[in-house]
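**Q** Have a look; sequence and predicted model below, questions after that.
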Amino acid sequence: MFSFIRPLALAALLAPAVAPVLAKAPRELTYTVSMDPATNSNAFQVKLALPKLKKEQSIYQFAATAPGTYQVMDMGRYVSNFQAFDAKGKPLEVKQLSTNQWQLSQPDKTREIRYTIAETWDTPVKEHNIYRMCGSSLETDHALLNGQTLLGYPQGMQDKPLRLKLEYPSGWKAGSVLVPDKEGYYHLQDYDHAVDSPILLGRLTETATKLGTTDVALYCYSATDKVQAAPLLGYMQKMLNAAQAFFGGQLPVQRYAFLYHFADRSAGAWEHSYSSEYVLNETELTPEAAQNVVDIAAHEFFHVMTPLNIHSEVIEHFNFVQPTGSEHLWLYEGTTEWASHMMQLRGGLVGLDDYLSTLHDKVTYDRTRTDTTYSLSRLGLNSFSDEGQRQYGNIYQRGALTAGLLDLRLLELSGGKRGLRDVLLELAKQYGPNKPISEKNFFQDFTKMTYPEIGDFFARYVQQAESLPLQEYYAKVGIRYEPIRHTGQQIATLGALGLAPRETSVYFTKVGGPVQAAGVQVGDQLVAVDGVRNDFTALRRVASRTPGSELPLTISRNGQEQTVRVKLGSTEAVQRYLFSPDPSATPAQLALRQVWMKNL
């Protein structure tokens, strides 16, 4: 099922400045993307052969964002030398209207559009840096391509079919879930499909496996060859088997591809309907390092359930012009994060203690690093705003915790016969890739499918931000939750402190006590701890220092760096947010725990 684009001769990359008379207008939007890192390692050349346009299709649009990124991209910032030509190759006037829009003076005569678009990794911008896994990169031995980082479209043609050919150095391989035709063209249903289909090119290793009737491929770029595709897939196999079991034995896709980029830094991963891409730090593939990769892959892989098979109209018809948040981000990301850990517990990849430790970490993040009054619904609707981005990380923490509680509530109400996994499978069967759920009515629709009490659950813990009933719900399966455990020991402290990532930096969201007394303010950027820049792990070791000693913090405020010396305070050492099996659990609690820990 997976094959490679046949590489073209490098000379073919060097197209003349003005083309000869163009061929007959194609029926599809036909893109050709050329890259030659030997002569230009910073940009791609794009040509678009057009079918006949109508006068109202005079605006050429680049993406302001992309589904699943929840960030402003404004791809027009990377565009230069935008040109339009008629059927005889004669230049036509164009005008840039805004960051992401160019106006064609004579759309009905325009037969070809050409432009240069810079890669996003190494192109400096003043704000809204694009996550690396969602961007584009071009290097001497590889390239990472995402559809929205290369392609635009004439307004009104987002839903039209297109084809794409890539021209790249001889010897490179292509990794993608897509299959080219005999002429080297990828055929895509529409622009959304192009954005949903990343491609990794270059010096790759590859391998494949089969899960039931689903073909799974893995492509890997490793800067110094420390990570190879086959051993990596070997570490992932048990997780994939657990996912297959979690889905009821059959995955909801026929083909899937993992695209891995290992080099000098970690940026994360980006899910797609039939593939996922990862930008991770290159290290030796030890069992510990591999487990981290597996945990990330488990989350991204589960996105074949949601939003591929369960998504609202906001995702079905994505607005690339004006970013629009979905209230059901909790479903796409929070439920997926819950499932990625739960399927490993139920598949025997992790033990109960390890799973409970994960719950501890998520509660700690929710209670110490975010605004606990910020509801999941509000986060989803505001996810593209700067305000929402400051809370965004909590969708993977509070979002997953909420999904876990929903699972427990469903199991309780059904007498242990139907949990969240089972309802998700029912929803996937009812809706699927081509039928969206209702953005407005999904809470009511979900409640009708299940129990009246679930409507109250959504109102209190998703639409509002009531404190999660962790103690009450986990007691149902004989798990003890302790918000705080006193030790009586005195340790050093920085005082009240909240930190949150924003783009590529970390900012203070809460200050109090010694750190506030030292002059740190909410909104300051944390630059260094104890003289070490961009490594904040020393904050976790503050308790091992002596109360009254000083800890230097370098902060940036209004673009000016300064170092403050925080005199550490003293506080009682307490343990917080602890989950543990209850040794006095009743037979009924233990019975429900056994149901909770396995696929029904």
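**A** Arrived safely, thanks for sending.
**Q** what's stretch 470-487 in contact with?
**A** Counting by CB atoms under 8 Å, 6 or more residues apart in numbering, the neighbours of stretch 470-487 from elsewhere in the structure are 356, 363, 401, 405, 408-409, 411-412, 572-582, 585-586, 589-590, 592-593, 596. From N, CA and C alone the C-beta is placed, and that goes for glycine too.
**Q** Revised request: answer the last question for stretch 329-338.
**A** Counting contacts by CB under 8 Å, 6+ apart, the residues outside stretch 329-338 that touch it are 68, 70, 271, 299, 302-303, 305-307, 310-311, 315, 326, 376-377, 379-380, 383, 395-396, 398-404, 407, 420, 424, 442, 462.
**Q** how about 6 Å then?
**A** The set of residues that contact stretch 329-338 without belonging to it, under CB atoms under 6 Å, 6 or more residues apart in numbering, is 299, 302-303, 306-307, 376, 380, 383, 395-396, 399-400, 403-404, 462.
**Q** need the strands for the stretch 101-250 of the chain, in chain order.
**A** For the stretch 101-250 of the chain, the strands identified by DSSP state E, counting those that start in this stretch occupy 101-104, 112-118, 137-138, 142-145, 153-154, 162-167, 173-175, 185-188, 199-202, 205-211, 214-222, in order along the chain.
**Q** Per-residue pLDDT of Phe4, please?
**A** According to the model's per-residue confidence, Phe4 sits at a pLDDT of 27.
**Q** Nearest to Ala492, out of the strands of the stretch 101-250 of the chain?
**A** Between Ala492 and these, the shortest gap by CB to CB is with strand 214-222, which sits at 41.2 Å.
**Q** Now do the same for Ala528: helix, strand or coil?
**A** strand (DSSP: H, G, I helix; E, B strand; the rest coil).
**Q** Actually, Leu48.
**A** strand.
**Q** I figured it hits Arg114, correct?
**A** No. The pair Leu48 and Arg114 fails to qualify as a contact (CB atoms under 6 Å) at a distance of 7.5 Å.
**Q** Mind putting the strands of the stretch 101-250 of the chain into TSV with mean neighbour count and mean pLDDT?
**A** As requested, those are exported to TSV (neighbours: other CB atoms under 10 Å; pLDDT from 0 to 100):
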stretch	mean neighbour count	mean pLDDT
strand 101-104	19	98
strand 112-118	21	98
strand 137-138	24	98
strand 142-145	25	98
strand 153-154	23	98
strand 162-167	23	98
strand 173-175	24	98
strand 185-188	19	97
strand 199-202	25	98
strand 205-211	16	97
strand 214-222	22	98
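**Q** Need those strands in CSV (columns: distance to Glu466).
**A** CSV is the format used below for these (distance: least, CB to CB, whole Å):
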stretch, distance to Glu466
strand 101-104, 43
strand 112-118, 46
strand 137-138, 43
strand 142-145, 42
strand 153-154, 43
strand 162-167, 47
strand 173-175, 45
strand 185-188, 44
strand 199-202, 43
strand 205-211, 39
strand 214-222, 40
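**Q** For Val515, which of those is the nearest?
**A** Val515 lies closest to strand 137-138 among the strands of the stretch 101-250 of the chain, at 37.5 Å (CB to CB).
**Q** Return the distance of that closest one from the chain's centre.
**A** Its chain's C-alpha centre and that of strand 137-138 lie 19 Å apart, by CA atoms, centre = their mean, to the nearest Å.
**Q** what pairs with that strand, and is each one parallel or antiparallel?
**A** In its sheet, strand 137-138 lies beside strand 142-145 (antiparallel), with partners assigned from DSSP bridges.
**Q** re the thing from before, show me the contacts of stretch 329-338 that map onto helices.
**A** Taking DSSP state H as the definition of helices, the contacts of stretch 329-338 contribute His299, Phe302, Leu376, Gly380, Gly399, Ala400, Ala403, Gly404.
**Q** Identify the residue spatially nearest to the last one, adjacent ones excluded.
**A** So the one you mean is Gly404. Taking CB to CB, 6 or more residues apart in numbering as the measure, Gly404 lies nearest to Trp338, with 5.2 Å between them; neighbours along the chain are not counted.
**Q** Roughly how far does the one you found sit from Tyr332?
**A** With distances taken as CB to CB, to the nearest Å, Trp338 is found 12 Å from Tyr332.
**Q** now swap in Phe320 and tell me
**A** With distances defined as CB to CB, the gap from Phe320 to Tyr332 amounts to 18 Å.
**Q** okay, these two: which has more neighbours?
**A** More crowded of Phe320 and Tyr332, by other CB atoms under 10 Å: Tyr332, with 26 against 22.
**Q** how close does the more buried one sit to Val125?
**A** Per CB to CB, Tyr332 is found 27 Å from Val125.
**Q** do Leu427 as well
**A** Taken as CB to CB, the spacing of Leu427 relative to Val125 amounts to 39 Å.
**Q** between those two, which one's more packed in?
**A** Neighbours per residue (other CB under 10 Å) separate Leu427 from Val125, with Leu427 holding more: 20 against 12.
**Q** now that one: how far from Phe442?
**A** As defined by CB to CB, Leu427 lies at a distance of 9 Å from Phe442.
**Q** what's the answer for Val477, then?
**A** Val477 sits 27 Å away from Phe442, taking CB to CB as the criterion.
**Q** These two: who's more crowded?
**A** Val477 (23 against 19).
**Q** Shouldn't Val350 be within a helix?
**A** No. With three-state DSSP as the criterion, Val350 is located in coil rather than a helix.
**Q** Which pLDDT value belongs to it?
**A** The model's pLDDT for Val350 equals 94.
**Q** any idea whether the closest residue to it other than its chain neighbours is helix, strand or coil?
**A** For Val350, ignoring the flanking residues on the chain, the nearest one in space by CB to CB, 6+ apart is Gln344 at 4.9 Å. Using three-state DSSP, the three-state assignment for Gln344 comes out as helix.
**Q** sec struct for Tyr278, please.
**A** strand.
**Q** burial measure for the closest residue to Ser197 other than its chain neighbours, as a count.
**A** Once its chain neighbours are removed from consideration, Ser197 has its nearest residue in Leu178; the separation is 5.3 Å (CB to CB, 6+ apart). Residues within reach of Leu178, counting by other CB under 10 Å, total 22.
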